[in-house]
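Asks: Next come a sequence and a model predicted from it.
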2 protein chains.
Amino acid sequence: MRDFAAGLDWLSLNTITLDRQGGLKAIVDAALGAGIRALSVWRHQVKDLGIAQAARLLRDAGITLTGYCRGGMMTADAVHRSAAREDNRRALDEAAALGAPALVIVPGGLPQFSRPGSAASKDIAGARAMVAEELAELLRHARPLGIPLALEPLHPMLCADRGCISTLGQALDICDELDPDAQGELGVTLDVYHCWWDPQLSAQIERAGPRRLLVFQVCDWLVPTTHLLNDRGMMGDGIIDIPLIRGWMEAAGFAGHVEVEIFSDSWWARPAAEVLETCVERYRCRV
Amino acid sequence: MRDFAAGLDWLSLNTITLDRQGGLKAIVDAALGAGIRALSVWRHQVKDLGIAQAARLLRDAGITLTGYCRGGMMTADAVHRSAAREDNRRALDEAAALGAPALVIVPGGLPQFSRPGSAASKDIAGARAMVAEELAELLRHARPLGIPLALEPLHPMLCADRGCISTLGQALDICDELDPDAQGELGVTLDVYHCWWDPQLSAQIERAGPRRLLVFQVCDWLVPTTHLLNDRGMMGDGIIDIPLIRGWMEAAGFAGHVEVEIFSDSWWARPAAEVLETCVERYRCRV
């Protein structure tokens, strides 16, 4: 395994981690101040600044992008489906303008939650089939742009409303169906928070291999967890054996950045410098 | 599928659903008042009354038992392991005294949460192996008593602290290992709340068959869910396609009761009669 104690070469900050501390400019400044030179950025932060200005900011600061968050929410009823498709095509265009290496796809759950206004449904198998259909459609736009799609399996507690692809195995089945030769068009985002509990995780990481393992995200699972979305922990504060999973990733050929992505009311309430100082410290010894 | 609109023959009330409305005597009275004649009872309620008195109460009221909740929490460090074993043997003895048809097993997560005081661990694979070991041990006590163990896969959001067996497939693997001839000693509790998201659910229910499908529990998944343990919904109020899953159960040969088990601060705050009236109405048309 790579030695993370020695330096910050493989540390990336997912900008949602500082989402309430400031806009993209402030986040870039804070990251550079903490010695972090790689980011994965979120659409709403880019939109606030304007795409051209955001691209210039990142380029001038010498930032390495490790992903663009996020496309998806592709499950919708017939009325809302074309709007969902257009939205995802715009996300791809933005990723291309920024020079991002992948678009993270959070696929959506049941249509009424992914695209509000859609007719209510309990058909989770239908939602899953729709994700595969919409990914096939989006790939036609992604290929000419050269932007890989990184499908993210989400924790089953988010299955109904945010992401109905619940395991790495399920995500890889879709990858194999739509991109059978693993040409780098379609892969996965693996977030330890969503996948740590999966008894198949090690086998599926090995199955995925370096051509499918596009984005790697870390945070921690707290006990107790008090909110299904916004109570994720800083690495080392919870019960996930993160080094074990990183070991599986590297044994499978993954050699990219590790993105710190923490949705947390608690960490959002602290000064950016304190958050990043802690991220850096934990990256060195708990990842 | 059996017609549930016609009568309450297959409705069982899991007594946790009225846990804050009264003790076992009050729950039995409320159930009978609502026309419900089958119960699955909880240990702490039995203990409050005393085992002999509880057995007499249930017998005199003509209650059919569909399970005893619960054994388990069998993951522990070396110091706490024998206490956990003794506790589970006592649960079996109580189940036998009551004439319960199965002991539901909630296996526990990491040792420090299942048996507080145990040394902290992040070894979820180790916890899973320990569950299989402890089930093998407990079976030696269960066999002579003729009480089947009904291992319950729990939702992955409860993996760390309550149950590290996360899918029906995982539970069945353990059953096949410890009771290869499916002699009725070891089977599963299937709760739609824990398993609805599992893409393998239908296939694994078919694999299980009638000799493994011992207990069937229903409630609903709410969106949003505001608490990981105590925000379960009344059948029909959430997004689980319960009739679809009951159809899979019956196609696989399950012909037992459907237990309503709702952990809910909201339903616990309402009068018992209102809760049971709603259970009965939803049982007829939403299960």
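Replies: It's in. Numbering: from 1, shown residues only, chains lettered A, B, ... in the order given.
Asks: so how far is chain B from the residue nearest the centre of chain A?
Replies: With distances taken as CA atoms, centre = their mean, the residue of chain A nearest its centroid is A:V104 (5.0 Å). Here the criterion is CB to the nearest CB, to the nearest Å. By it, A:V104 lies 21 Å from chain B. For the C-beta atoms, the positions are set from N, CA and C on the backbone; glycine is no exception.
Asks: which strands and helices sit next to the strand or helix carrying that residue?
Replies: Assigned by DSSP states H and E, A:V104 belongs to strand A:103-106. Applying 3 or more CB pairs under 8 Å, 6 or more residues apart in numbering or on different chains; DSSP states H and E, one finds that strand A:103-106 makes contact with strand A:64-72, helix A:78-98, helix A:124-145, strand A:149-151.
Asks: So which residues make contact with the last one?
Replies: Outside strand A:149-151, the residues that touch it by CB atoms under 8 Å, 6 or more residues apart in numbering or on different chains are A:67, A:71, A:102-105, A:107, A:135, A:138-139, A:142, A:165, A:171, A:174-175, A:185-189, A:214-215.
Asks: Please repeat the previous calculation with a cut-off of 6 Å.
Replies: Counting contacts by CB atoms under 6 Å, 6 or more residues apart in numbering or on different chains, the residues outside strand A:149-151 that touch it are A:A102, A:L103, A:V104, A:I105, A:A142, A:A171, A:L186, A:G187, A:V188, A:T189, A:L214, A:V215.
Asks: Stretch A:242-254 now?
Replies: A:M1, A:V192, A:S202, A:I205, A:E206, A:G209, A:P210, A:L213, A:F216, A:V218, A:M235, A:V287.
Asks: Mind doing that once more with 7 Å?
Replies: Residues from elsewhere that reach stretch A:242-254, judged by CB atoms under 7 Å, 6 or more residues apart in numbering or on different chains: A:1-2, A:192, A:196, A:202, A:205-206, A:208-210, A:213, A:216, A:218, A:235, A:258, A:286-287.
Asks: Name only those of the residues you listed that count as buried.
Replies: Among the contacts of stretch A:242-254, those buried by neighbour count (16 or more other CB atoms under 10 Å in any protein chain shown) are A:192, A:196, A:202, A:205, A:208, A:210, A:213, A:216, A:218, A:235, A:258, A:286-287.
Asks: Those residues in helices, which ones?
Replies: Per DSSP state H, helices hold the following members of the buried ones among the contacts of stretch A:242-254: A:V192, A:S202, A:I205, A:A208, A:P210, A:R286.
Asks: Is it possible to get JSON lines of these that adds distance to chain B and pLDDT?
Replies: As requested, those are exported to JSON lines (distance: CB to the nearest CB, whole Å; pLDDT from 0 to 100):
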{"residue": "A:V192", "distance to chain B": "11", "pLDDT": "99"}
{"residue": "A:S202", "distance to chain B": "9", "pLDDT": "98"}
{"residue": "A:I205", "distance to chain B": "14", "pLDDT": "98"}
{"residue": "A:A208", "distance to chain B": "17", "pLDDT": "98"}
{"residue": "A:P210", "distance to chain B": "24", "pLDDT": "97"}
{"residue": "A:R286", "distance to chain B": "11", "pLDDT": "98"}
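Asks: Nearest to B:D29 among those?
Replies: The closest of those to B:D29 turns out to be A:V192 (CB to CB; 49.2 Å).
Asks: which bits of the stretch 101-250 of chain A sit near chain B?
Replies: Taking CB under 7 Å from any CB of the partner chain as the contact definition, the stretch 101-250 of chain A meets chain B at A:110, A:113, A:122, A:124, A:128, A:155-157, A:159-161, A:166, A:170, A:197, A:199, A:221, A:223, A:225, A:228, A:239-241.
Asks: which of those are buried?
Replies: So, by 16+ other CB under 10 Å, the buried ones in these are A:110, A:113, A:122, A:124, A:128, A:155-157, A:159-161, A:166, A:170, A:197, A:199, A:221, A:225, A:228, A:239-240.
Asks: In strands, which of those appear?
Replies: Among these, no member is found in strands (DSSP state E).
Asks: Out of those residues, list just those in helices.
Replies: Residues of these located in helices (DSSP H): A:F113, A:I124, A:R128, A:Q170.
Asks: and the second one, what pLDDT?
Replies: Read that as A:I124. For A:I124, the model assigns a pLDDT of 98.
Asks: Please name the nearest non-neighbouring residue to it.
Replies: A:C164 (5.8 Å; CB to CB, 6 or more residues apart in numbering or on different chains).
Asks: Could you do the last one as well?
Replies: Closest residue in space to A:Q170, ignoring its immediate chain neighbours: B:P199 at 5.5 Å, by CB to CB, 6+ apart.
Asks: Contacts only, for that neighbour.
Replies: Neighbour list for B:P199: A:R128, A:S166, A:Q170 [criterion: CB under 7 Å, 6+ apart].
Asks: and if you look at A:S202?
Replies: Listed by CB under 7 Å, 6+ apart, the contact partners of A:S202 are A:W248.
Asks: separation between it and A:G247?
Replies: 9 Å (CB to CB, to the nearest Å).
Asks: A:T278 too?
Replies: Separation of A:T278 from A:G247 (CB to CB) stands at 23 Å.
Asks: what do you get for A:D181?
Replies: Distance from A:D181 to A:G247, by CB to CB: 28 Å.
Asks: Just the local confidence number for the residue nearest to A:K122 when sequence neighbours are not counted, please.
Replies: Leaving aside its chain neighbours, A:K122 sits nearest to B:D241 (4.2 Å; criterion: CB to CB, 6+ apart). What the model reports as pLDDT for B:D241 is 98.
Asks: hang on, isn't B:D241 packed against A:S121?
Replies: No. The pair B:D241 / A:S121 is not scored as a contact, 9.3 Å apart, by CB atoms under 7 Å.
Asks: joint contacts of those two?
Replies: Common neighbours of B:D241 and A:S121, using CB under 7 Å, 6+ apart, do not exist here.
Asks: Help me confirm that A:R207 comes into contact with A:C175.
Replies: No. Using CB under 7 Å, A:R207 makes no contact with A:C175, being 10.1 Å away.
Asks: More neighbours: which of these two?
Replies: Shown here are A:R207 and A:C175; by other CB atoms under 10 Å in any protein chain shown, A:C175 has more neighbours (21 against 14).
Asks: Which residues does the host helix or strand of the more buried one contact?
Replies: Following DSSP H and E, one finds A:C175 within helix A:168-178. Applying CB under 7 Å, 6+ apart, the external contacts of helix A:168-178 come out as A:132, A:135-136, A:139, A:151, A:153, A:165, A:186-188, A:190, A:195, A:198, A:200-201, A:204-205, A:207-208, A:212, B:199.
Asks: again, only this time at 8 Å
Replies: By CB under 8 Å, 6+ apart, the list of residues contacting helix A:168-178 reads A:128, A:131-132, A:135-136, A:139, A:151-153, A:165, A:182, A:186-188, A:190, A:195, A:198, A:200-201, A:204-205, A:207-208, A:212, B:199.
Asks: Surely A:A54 and A:V41 touch.
Replies: Yes. If you go by CB atoms under 8 Å, A:A54 and A:V41 touch, sitting 7.4 Å apart.
Asks: Need the overlap of contacts for those two.
Replies: Common neighbours of A:A54 and A:V41, using CB under 8 Å, 6+ apart, are A:L24, A:L98.
Asks: Tell me which of those two has more neighbours.
Replies: Taking neighbours as other CB under 10 Å, A:A54 and A:V41 compare with A:V41 leading, 28 against 22.
Asks: Just the buried residues of stretch A:115-129, please?
Replies: A:R115, A:S118, A:S121, A:K122, A:I124, A:A127, A:R128.
Asks: try stretch A:248-261
Replies: A:W248, A:M249, A:E250, A:A252, A:F254, A:G256, A:H257, A:V258, A:E259, A:V260, A:E261.
Asks: so what's A:V28 closest to, chain neighbours aside?
Replies: Closest to A:V28 by CB to CB, 6+ apart is A:A61, at 5.2 Å.
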